[in-house]
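> Build me a model:
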Amino acid sequence: MTPELEAIFARPIAHRGFHDADNGIIENTPSAVQRAIDRNFAIEVDIQETADGQALVFHDYGLDRLAEGSGRIIEQTASDLVQIHMKTGTDKLWLLADLFELVAGKVPLVIEIKSLMRRDAQGDFVRHVTEQVAAYRGPACIKSFDPDMLSLARAHRPSVLRGIVADGAETGPDYARYGRVDRFILRHILHAPRTRPHFISYGVKDLPKAGPSLMRSLFKVPLMCWTVRTREQRERAARYADQMVFEGFDPDKDTV
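Sure thing, here's the model as predicted:
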């Protein structure tokens, strides 16, 4: 691994920040990120494209579940979105630039680009994000479920660390648009010759799988797994992966 990848994989990765909804610390918010910084955990966040091409730190495609707003993020501007409060806690919505300012290299960042699965793979947005990551002073990487996004990132800024997010890609609503062959390709990361991921982020429930296991053992591509919540999952992560993305417990204190 490169020194920057080693830094990203050195500590457990807090899923959407070290959040605690029962105490008003909501996922992907400044409070959740600060709590992870305070514990020296790496941080995984999600970003969504806004109507004006900015990167909002938020997981869902719509606002309704977590924020005091409604509608799809892609249909609203960044300037409007950052005025919106979360339903609980004291945080407002915020942008990737705000996240960089808060973290400032203190801990590593894993930035998942949420894809609308468009034919153009949101090319302008991906290029904008990779430019921001390239300019950031601190260990950071991008990842996505969408291989086309990774291909774009590779072509535009090959030095920005990139990872593919994957799982068993079983039949279901998440993969309704994919046929059997496409799901096989995604499951086993057979797009790797064009995406060239620096790392893999794989669903812990679906480990081990031939594709990620072979890439890890033969090509030394490091493997993080998501999202570890139980003792059994933590044991599986320790056996099959190089680091875990965790949620709901403190890896330094709890055995789950």
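> Run a quick neighbour tally on the closest residue to residue 185 other than its chain neighbours.
Spatial nearest neighbour of residue 185, chain neighbours left out: residue 191 (6.0 Å); criterion: CB to CB, 6 or more residues apart in numbering. To be clear about C-beta, it is placed using only N, CA and C from the backbone, and glycine gets the same treatment. For residue 191, the tally of surrounding residues (other CB atoms under 10 Å) stands at 18.
> Dump whichever strand or helix holds residue 244 to CSV, keeping only the CA atoms.
Using DSSP states H and E, the element containing residue 244 is strand 243-246. Provided in CSV are the C-alpha atoms of strand 243-246 (Å, rounded to 0.1, in the frame of the first residue of the first chain):
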residue,chain,number,x,y,z
GLN,A,243,-10.2,-2.7,7.7
MET,A,244,-13.8,-2.2,8.7
VAL,A,245,-16.4,0.5,8.3
PHE,A,246,-18.3,0.3,11.5
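> Do a quick rundown of the helices in the stretch 151-256 of the chain.
Under the criterion DSSP state H, counting those that start in this stretch, the stretch 151-256 of the chain contains helices at 180-188, 192-195, 210-219, 231-240.
> contacting residues for residue 129?
47, 55, 96, 111, 113, 142, 153 (CB atoms under 8 Å, 6 or more residues apart in numbering).
> Tell me which strands the strand holding residue 244 pairs with, and in which orientation.
According to DSSP bridges, strand 243-246 forms sheet pairs with strand 13-15 (parallel), strand 223-228 (parallel).
> export these to JSON lines and tack on distance to residue 168 and mean neighbour count?
Below are the strands paired with strand 243-246 laid out as JSON lines (distance: least, CB to CB, whole Å; neighbours: other CB atoms under 10 Å):
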{"stretch": "strand 13-15", "distance to residue 168": "19", "mean neighbour count": "27"}
{"stretch": "strand 223-228", "distance to residue 168": "12", "mean neighbour count": "24"}
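> Of those strands, which is nearest residue 118?
Taking CB to CB, strand 223-228 is the member of the strands paired with strand 243-246 nearest to residue 118, at 23.9 Å.
> Quick check: mean pLDDT of the closest one?
Per-residue pLDDT over strand 223-228 has a mean of 98.
> what's the angle from that strand to helix 210-219?
The directions of strand 223-228 and helix 210-219 differ by 140 degrees, with axes from the mean of the first three to the mean of the last three CA atoms, to 10 degrees as the criterion.
> excluding its backbone neighbours, what's nearest residue 194?
With CB to CB, 6+ apart as the measure, residue 151 is the residue that lies nearest to residue 194, at 5.4 Å, once sequence neighbours are left out.
> what pLDDT does residue 176 get?
According to the model's per-residue confidence, residue 176 sits at a pLDDT of 87.
> quick one: it from residue 77, how far?
For residue 176, the distance to residue 77 equals 30 Å [CB to CB, to the nearest Å].
> ok so, going back, how about the contacts made by the residue nearest to residue 194?
Residues in contact with residue 151, defined by CB under 8 Å, 6+ apart, are 121, 194-195.
> Over to residue 220?
For residue 220, the residues meeting the contact criterion (CB under 8 Å, 6+ apart) are residue 1.
> pretty sure residue 102 is touching residue 33, no?
Yes - Residue 102 sits in contact with residue 33 when judged by CB atoms under 8 Å, with a separation of 6.1 Å.
> Kind regards, and thank you for your time.
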